[in-house]
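Novice: Below is the sequence, then the predicted model.
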There are 2 protein chains.
Amino acid sequence: MLSKNQVKFIRSLKKKKFRQANQLFLAEGIKVVEELFSSSFQLHKIYCTITYQNPLKITDLHIITEKELGMISDFTNPNQVIAIFEIPVQKEPQHKGLTIALDGINDPGNLGTIIRLCDWFGVTQLICSENTVDCFNPKVVQASMGSLTRVAISYVDLADYLSKESRVIYGTFLNGENIYKTKREANSVIVLGNEANGISDSIKALVQKKITIPQFGEQQQTESLNVATATAIFLSEFRR
Amino acid sequence: MLSKNQVKFIRSLKKKKFRQANQLFLAEGIKVVEELFSSSFQLHKIYCTITYQNPLKITDLHIITEKELGMISDFTNPNQVIAIFEIPVQKEPQHKGLTIALDGINDPGNLGTIIRLCDWFGVTQLICSENTVDCFNPKVVQASMGSLTRVAISYVDLADYLSKESRVIYGTFLNGENIYKTKREANSVIVLGNEANGISDSIKALVQKKITIPQFGEQQQTESLNVATATAIFLSEFRR
């Protein structure tokens, strides 16, 4: 049974302001909740319907009705469980290995996909500019499919972070060097920019090497690639 | 001014059944509508607000109010124009070049992204199984960003199409040959499967070479890559 105030509180965590004030975030659906529970993330509260089988023997389950679940869920078809986890303390950003740096990514689905890609390609650190969408946004948590637990994500003053960098800083542009022909340093930073405007001027000034995925075929009228699919190709090229 | 019946008709085109009955589909937003208008696609009707600047001098504009636009739009912030185009006659599927074949892709965003990727990588033909989401679904039209006009998309009996194939048929699996080490034939078919279940058994039997994007790093717990990001990496590898 959920009180009006509980519903209000849970729903408030869909907003960044309330997530930050409480240092808590929402995760939804069996798969994501169980992946977070099995990681170092700290569970704060878990709500589930009576049908939830609880294979991980999570204690302190709060049983709610389907209707209550619907009231707090973001899904069209809510999937048995919603949990609140503590936002972990942000790790000190490192300057080693291969790092992805995001300059103003807006779309939660794109950020979630990029987190999943980092996890797949063994990139353990993702640096985000302060104006990048919050990684604890429920849509990001959803799209990252548990990879959130395996990639350290830091929100920083990106210009400041990059200005202290000794590794090569690559930036992805439409008019850079052909990625397939560029020397790719294993220890480096790859900067990707905002969906509509690309990399901002202040960050552009810090990029040492502009790189591009060339277009193929006769027509070459595609305006650009989506930033998440571009990240997939860049990570594949740097790791292959 | 829109009549109730017009609103009802336009909104009906969000459903595949009505698109097929009328052989018409919806496109929304300045960029997509203008790209479709500039292509071989035939415009059926165009609705816009008085603010639309009409740089392409499209004739027969139907001026509607912001409120009316909101009633027929799928967008949170409708963008001046909605148009109805004719569904083009499906081209006879070819057996040449590099072809992407989709086996039961469900998500409109994924299909739209894959169409855009085909366009970028000069893949002029996309073959879809009959149970793949309709490419004239408004969300696909949106996500494809005009690439719909440059990639020939055919819905076919995929098993039948593949059984007549003389090119190499690659299939993407989690346990195939490492894509970076596999010989990649320029003239071939790459089959990608459904988001949840992968390639179906009947199609699996027709695949000649299973290929995989290897996972990197120490943890290797990522369950899988999203099918659109996987397509990005496979196309990049086949074209580089």
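Specialist: That came in fine, so what should we check first?

Novice: Would you mind listing what in chain A touches chain B?
Specialist: Proximity of chain A to chain B, by Cβ under 8 Å from any Cβ of the partner chain, involves residues A:109, A:113, A:116-117, A:119-124, A:145-147, A:150, A:180, A:213, A:215-219, A:221-223, A:225-226, A:228-233, A:236-237, A:239-240. Backbone N, C-alpha and C define where each C-beta goes, glycine included.

Novice: So which of those are in strands?
Specialist: Counting by DSSP state E, none of the members of those fall within strands.

Novice: Next up, identify which helix or strand residue A:10 is on.
Specialist: helix A:4-12 (DSSP states H and E).

Novice: And stretch A:69-82, end to end?
Specialist: End-to-end distance for stretch A:69-82, by Cα to Cα, to the nearest Å: 8 Å.

Novice: Tell me both backbone torsions, phi and psi, for residue A:99.
Specialist: phi -120, psi 140 (degrees, to the nearest 10).

Novice: How about the contacts made by it?
Specialist: By Cβ atoms under 8 Å, 6 or more residues apart in numbering or on different chains, the residues touching residue A:99 are A:123, A:125-127, A:167, A:188-190.

Novice: what helices or strands is the longest strand belonging to chain A leaning on?
Specialist: Using DSSP E, we find that the single longest strand of chain A is strand A:168-178. Strand A:168-178 is packed against strand A:188-193, strand A:209-212, helix A:227-239, with contacts defined by 3 or more Cβ pairs under 8 Å, 6 or more residues apart in numbering or on different chains; DSSP states H and E.

Novice: for chain A, which spans come out with low pLDDT?
Specialist: Residue ranges of chain A with pLDDT under 70: A:219-222.

Novice: tell me the domain boundaries of it?
Specialist: Using automatic domain parsing, the domain ranges for chain A come out as A:4-86, A:98-239.

Novice: Just say which of those domains is most tucked in.
Specialist: Scoring the domains of chain A by mean neighbour count under mean count of other Cβ atoms under 10 Å in any protein chain shown gives domain A:98-239 as the most buried, with a mean of 20.

Novice: now what about stretch A:60-69, what contacts it?
Specialist: A:1-2, A:7, A:45-50, A:52, A:54, A:78, A:80, A:82.

Novice: what about that stretch, how long is it end to end?
Specialist: 17 Å.

Novice: again, but for stretch A:123-132
Specialist: For stretch A:123-132, the first-to-last residue distance is 18 Å (Cα to Cα).

Novice: Can you give the distance of that stretch from its chain's centre?
Specialist: Chain-centre distance of stretch A:123-132: 8 Å, with Cα atoms, centre = their mean, to the nearest Å.

Novice: Next: stretch A:196-203.
Specialist: With Cα atoms, centre = their mean, you get 19 Å for stretch A:196-203.

Novice: which residues sit against it?
Specialist: Contact with stretch A:196-203 is made by A:103-104, A:106, A:129, A:158-159, A:162, A:171-174, A:191-194, A:207, as judged by Cβ under 8 Å, 6+ apart.

Novice: Dump the C-alpha coordinates for it into CSV.
Specialist: Extracted in CSV, the C-alpha atoms of stretch A:196-203 (Å, rounded to 0.1, in the frame of the first residue of the first chain):
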residue,chain,number,x,y,z
ALA,A,196,22.3,19.3,-33.0
ASN,A,197,25.3,21.5,-32.6
GLY,A,198,28.3,19.2,-32.3
ILE,A,199,31.3,20.0,-30.1
SER,A,200,31.1,23.5,-28.6
ASP,A,201,33.7,26.2,-29.5
SER,A,202,35.5,26.1,-26.2
ILE,A,203,36.0,22.4,-26.4
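
Novice: List the beta-bridge partners for residue A:192.
Specialist: Beta-bridge pairing for residue A:192 (DSSP bridges): residue A:102.

Novice: Look up how far chain B lies from it.
Specialist: 14 Å (Cβ to the nearest Cβ, to the nearest Å).

Novice: Surely that residue and residue A:110 touch.
Specialist: No - the criterion here is Cβ atoms under 8 Å, and residue A:192 misses it with residue A:110 at 9.4 Å.
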